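Enquirer: Sequence first, predicted model second:
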Amino acid sequence: MTYKTDEIWEDKWVNTTCGVCYCGCGAKVRVVNGVPVKIEGIKESTMGGTGSGLCGKGAAGLMYYHDPNRIKKPLLRTNPEKGIGVDPKWKEIEWDEALEMIATKMKKIMEDDPNKILFTNQTMRASDGPHNHPYFYAQAYGVKNNGNFIIGGGSLHCGNACHMLGGLIHGAWSIAPDWRYTKYVLKWGSSKGTGSGHSAMTNARLRADAIRRGIKEIVFDPMGNFAGGKATEWLAILPGTDTAVGLAIANYIVNIRGEMDELYLKAKTNFVYLIKDDGTYMRHEKSDKPLVYDTRDSKVKEYDDPSAAWEDLALDGEYEYNGETVRPCFVPFKEHLKQYTVEWAAEISTVPAAKILEVAKGWVDNAQIGSTITIEGKTYPYRPVSSVTFRGSQGHTNGIHQVAAIDLMSQLVGAEDVPGGTLGWPAIRRAYPGGNYEQTCTVGTDGVIVPSVFYSHDPWPVHAPSYPATNMGCVDVWTHCTLSHIPYVEEVDYIHEKLGMTSKPEMIFGISANFVISNSDWDTAVKNFKDCFVVQMDLWVNETDQAIGDLILPDVSYLEKDCWSSEIDAFFFSGSPSYEDWYVHLQQPVAKPIGESRFFMDVYIDVANRVGVLDKFNAKLNDYYGVKDPDLQIKPGEVLNWKQIGERVLKWVYGDDKEKIEKQGYATWHKPIDDVYWRWNIDSRCPVYMEYLIHDRRNMEKIFEETGFDLWMDMDQYTPLPTWFWPESHKDLDNEFDLLAFSYRDILHTNNTTFQNPYVDEVSQMCPYTFTITLNTSLAKDRKIKDGDIIWIENRYGVKEKGIVKTMEAQSPKVIGIAGQGGLWADGRPVAKGKGSNFCKLLPSKLRYFDPVAGNMETAVAVKIYKA
Amino acid sequence: MNDKHQDLVETMFPSDGSGIKPYEWMISPTRQRQWIDDKGIFLWLAFFFSEIGAGLYFMSLFYSFRPGIVLGWLITLVLGGLIHMLYLGNPKRAWRMIMKPNTSELSRGIWIIGVFAVLGFLQIITPGGFNMVFNFIMGILCLLIISHGFATMNVIRALPAWNSTIVLPLSIISGIWVGHQLLQLMFAISGNAAAASGMEVWAAAFFLAYFLCMLLYAWGTWHASGAAKAAIQRMLEGDLKQITYIGVGVLAILVPLVFTLIMWGGDTNGFLIFLRLASVCAGDLAIRYLIMKSAVYNPLI
Amino acid sequence: MPRWGMVIDVKRCIACWGCTIACKEEHFLPPGVFFNRVLIGESGKFPTSSKLIYPVLCNHCSDAACVEACPTGATYVREDGIVAVDDEKCVGCRACMVSCPYQQRTYYDEKVKDREYFPGQGKTEMEIIGEKLYPFKLGTVIKCNFCSERLEDGMKKGLTPGKDEDASPACVNICPVGARIFGDLDDPESEINRLIMEKKGKQLRKEFGTEPAVYYID
């Protein structure tokens, strides 16, 4: 076995960015005789795993290029009938015809209302292309807000509640432990550092070092697999009950142990803001600013009055202001927590009370309240405890309270954005030395952070719910949705009618989204979207394309893509929160596009040009990158392709180093310590007391009353205090539907695209849990089910899915688990076809199964199981 | 929509009797495949033919029966040797197998077969070849060849079911037993009924010894180690049990027992001897198949 | 002369299968052939059960069962401790495969060679070029070689295996959590010897007495 080197006439490595999941690790590709044959990470870049490490699916990304099933020419549906199981009878057409068809359609719709065009963001391959551009591309057409986005990929299982609170608290999209300095990590339905989440491999590397250093990692999860299986301790918890444990720990900290970081609470939270009896802020008559009580001066002041020192602000007591009784909002909060005992939480969550208490003690003991640490000559509070959550725990109808309760623990001990604590995903980005493009957060009204970049909808300032709704997502009414749930909801027609929604969608312009099968009930998705003219840019004909697609355009994979912008704004999405250098990666083509495939950004530009909105889009690009140099700005009337635009933007962003960075494929530059713990240095306050929800509730109830809207939603969740609410899935449990089905991210898979990768496919079959349905061993025994049996899982709406059983010990006996988004059937993806089971279809899509505040999906479902 | 599920179950939970799911590979006891599955089946046949050929040769020595040693020599070398070659990935390089007799049992086997081929040929062509010295040397060589297959398996420490001490006696006695049967049939066919009848007393003895060795093997292996026990379990309870009960229970034990009882006291006849031989051969093949097929490796974790 | 060995840090490993797939790419392995795998199991009972993850590859034993069993001398232990197969000498008897307690060997025949990653759709460019650049011989046994080509090429350039990527095995380079440490077992100062000492490195199934060069720490 040895290389026959005489056959090799070209052997080179090309630096690019991995595009298999949304993390965007640095990747280099070995190209031999023009053929991409191997992928590794980039050692010199801080983005990604140890050394030139890359995860398995990243390494397997080669198959995106080699897959013979890729579409090579635009495909047009000739069968007018749509639906699952209906042959679209594709006909290959020429690009020009396809683009003209899109442009004609768009122009016609725009004469009426551009909001009738829906866009999808990029989903399965988020770092596989520019991140934020679909949003402002849509704006160029005149689309308002974020209500016209539908999501594929992680769909509404992902992030709405997390992003909302991540934005409000950290100014960031997500959170991670400060692995380098932390000692005690709690993970709630999150696999950060063990394979999933943003910057997965950066996190995994940092976590591995931390674990070797001896930190404790406690995982609350229904199964002890990716996160739990690697934890110091795994605690089995029922899906959606994390709030209960979180609140019990908070109660322990505040009312039993009584050890809090009071200075932090006074300095960095809104707990000192004075509220009236109805729970709303008492505001200053003139400035409208919230008020605080200065105990030194015995006087009520504006919250940012420089004469009031942090340590003097009152957290308790009752005061008079303008004849009204006011008190710091910490007072009712403290009282509210008293109901949440450890025993109560144990009953709801199935985590033993003694364990909850042990964790609570460990949390306070490790928090080292009062201690400081000096790094690079700068002194910060040192709070080496971190509590992080993501998709798993927030994916419930009580999602907003789940995230709030988990965050609360960190707030109470001051372990937020300080060394050792919970860090926001990089919320800021400094300019490259000698270049431009800098993004920093600002402080908005009431002292709350306003993120520098936020995909879709900014979490702050909140805008008041109003109607009539102007877009399919009705974000005018549901104002906190990062991406709206309404397009997926079964009662969408009713909602639109009642709320006077004027823009019934007529067209979807999508990027590889698979929203028919990746969110919830498939039939509802087909019903809601099939009347639209559906255009997708895709690598294969996926399930959504086959069911409802009208025109499918061949996109390039990340290996053929020239995307200079792929990581410029990605600090926000895939950077490292830790004290690691700034980095940027370019996505450089390692091979020629397959067939006639074209990069979707160029298709975007072409279509915009045909429709006549290119100038608007170009202006938005100038604005987005903040290009001030008139030579580099795109001028009205200029038609540049994506590569040509890059020539200018890169010059603006990297200055004289442009060529060097292009050649290298990446750049890193120093990140000073103050940019890591930047939030400590700015005067902002976390809105832990969610006062805005009181106003939202009033406004929404008024709207519902005026419009006669009477679909039930748990409006009680619009409360400022993190509170326990039963998730809707639990309410559905009874003797017949007696198990909760949940899903989880498998490290090998990114949503459903990786199912088509034969490398990933063959190792998936070697994993016990990836393509199977997991049941606790004793549960399976009770039901007389054994490994390899095929079972049906059925929800109470008669939707069912089958799969192969694999028993495991490390799973709560009251749940069943399904990894990722299997159970695929598109003819265009033969490797993926029939592998695993589809969890999403089991999720009912009625309005009540969505978080009433943030709009994320209830991702657990009451089911029964029986042998097939 | 998920019609492919059944295919996936087939891939992940094969019903072909292999009983191993891809993710259980070396996590549960994992079956040996190379020396029985696919082309590995040749090795099973090759071991069998070498054994019966050498068995016949061995028994013929006691009766100085030249047709017996000729046939035995041919079966061992032509059938056994040829099938061995078919099994190899690169038969043209087979000569290289003589290179490592110091460590490789396989290599030693090749040497023995080589010496057997030469000396056997000499014995066949030498008038008066059935002398003490020749017989003694050839007898030893025959026993080595009979046990060659199992000896090759026996040295493999990784497979506890093969690495058991009772494997060798079982293989030797089975070779002698089958060889004996062949010779008896040759006598019966060639009209030497007296010799055939005279051999019957040995038939009973060999059968008994064979039976006892089998029991001993099963019992000893069961108690040897976890993985060895798992092998016996697969034979008795698992996917191999039909072969065990029919192949071993009926063909290797019950049928020969009945015929032996019928012919008790030397009341032999050619047809019955033939039937018994057929049954014994099938039974012996079944035992070899089971031993090769059922052996499992210890899980690594 | 060094004796190459590896330490696998089970505590760091998150079972991403990077090693398995990078190895397949490095050696252009056909479907179903693995020089590196990850074993995933479980021990204990709910709720205190634990997940077991063991990446496995050829142990490059110094007293290798496969070498002992090989009748032709095709399989041998190199001076640097790597267990290699000389595909000019291998007759394909598979005695080595059967003998290996770790089951780390694969028989390469037409059936394996003909497999396609996209079954029925023909071989991809990568598979075709792989057969040309890194040809396996039909009817021989193939296995992990600790990427000896990489080691040799790297050392010729003055690089150090285990430290420099270009002189280290592909599975070591790809590991995103640094769970694989490669080095010289004969050098008492080496990182791997330090880890084996400090963390009490264990060999898998030591009882077979083959003296594996791969150690596990947790």
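Expert: Alright, I've got the coordinates. Because the structure is a prediction, the values reported are computed rather than measured.

Enquirer: residues touching the closest residue to chain B within chain C, list them.
Expert: Nearest residue of chain C to chain B, counting by C-beta to the nearest C-beta: C:G92, 1.7 Å away. Bear in mind the C-beta positions are built from the backbone N, C-alpha and C, glycine included. Residues in contact with C:G92 (C-beta atoms under 8 Å, 6 or more residues apart in numbering or on different chains) are B:88-90, C:107, C:109, C:139-141.

Enquirer: try B:L300
Expert: B:L300 is in contact with B:26-27, C:39, C:54, C:56, C:102, C:204-205, counting by C-beta under 8 Å, 6+ apart.

Enquirer: Which single residue of the stretch 151-300 of chain B approaches chain C most closely?
Expert: Among the residues of the stretch 151-300 of chain B, B:A158 lies closest to chain C, at 3.7 Å counting by C-beta to the nearest C-beta.

Enquirer: which residue sits closest to that residue, ignoring its sequence neighbours?
Expert: In this structure, B:A158 finds its nearest non-sequential neighbour in C:P101, 3.7 Å apart by C-beta to C-beta, 6 or more residues apart in numbering or on different chains.

Enquirer: Over to the residue of chain C most remote from its centre. Which of the three states is it?
Expert: The centre of chain C is farthest from one residue, C:P47, which by C-alpha atoms, centre = their mean lies 34.4 Å away. What DSSP: H, G, I helix; E, B strand; the rest coil gives for C:P47 is coil.

Enquirer: ok, now B:I253?
Expert: helix.

Enquirer: And for residue 171, the neighbour number?
Expert: Defaulting to chain A. Neighbourhood size, A:G171 [other C-beta atoms under 10 Å in any protein chain shown]: 32.

Enquirer: To clarify, I was referring to chain C.
Expert: Close neighbours of C:C171, defined as other C-beta under 10 Å, add up to 26.

Enquirer: May I have stretch C:118-133 as CSV, with CA atoms only?
Expert: As requested, the backbone C-alpha atoms of stretch C:118-133 are provided in CSV (Å, rounded to 0.1, in the frame of the first residue of the first chain):
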residue,chain,number,x,y,z
PHE,C,118,-23.6,5.7,-4.9
PRO,C,119,-24.7,2.2,-5.6
GLY,C,120,-25.8,1.6,-9.2
GLN,C,121,-24.8,5.1,-10.2
GLY,C,122,-21.2,4.4,-11.1
LYS,C,123,-18.0,5.3,-9.4
THR,C,124,-17.3,9.0,-8.6
GLU,C,125,-14.2,10.8,-9.8
MET,C,126,-12.8,10.4,-6.3
GLU,C,127,-13.2,6.6,-6.3
ILE,C,128,-11.7,6.4,-9.7
ILE,C,129,-8.7,8.5,-8.9
GLY,C,130,-8.3,6.7,-5.6
GLU,C,131,-7.9,3.3,-7.3
LYS,C,132,-5.2,4.8,-9.5
LEU,C,133,-3.3,6.7,-6.9
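
Enquirer: list the buried ones in it?
Expert: Within stretch C:118-133, the residues that count as buried by 16 or more other C-beta atoms under 10 Å in any protein chain shown are C:118, C:123-124, C:126-127, C:129-130, C:133.

Enquirer: coming back round to it: just send the contacts of B:L300 back as a markdown table, with neighbour count, distance to chain A and pLDDT too.
Expert: Converted to a markdown table, the contacts of B:L300 look like this (neighbours: other C-beta atoms under 10 Å in any protein chain shown; distance: C-beta to the nearest C-beta, whole Å; pLDDT from 0 to 100):
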| residue | neighbour count | distance to chain A | pLDDT |
| --- | --- | --- | --- |
| B:M26 | 23 | 11 | 93 |
| B:I27 | 19 | 8 | 92 |
| C:L39 | 20 | 9 | 97 |
| C:Y54 | 20 | 13 | 97 |
| C:V56 | 25 | 11 | 98 |
| C:Y102 | 23 | 16 | 97 |
| C:L204 | 19 | 18 | 96 |
| C:R205 | 19 | 20 | 94 |
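
Enquirer: So which of these sit within strands?
Expert: Members of those lying in strands (criterion: DSSP state E): C:39, C:54, C:56.

Enquirer: Distance to B:W73 for those - can I get that in CSV?
Expert: Shown next, in CSV, are these (distance: C-beta to C-beta, whole Å):
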residue, distance to B:W73
C:L39, 48
C:Y54, 50
C:V56, 46
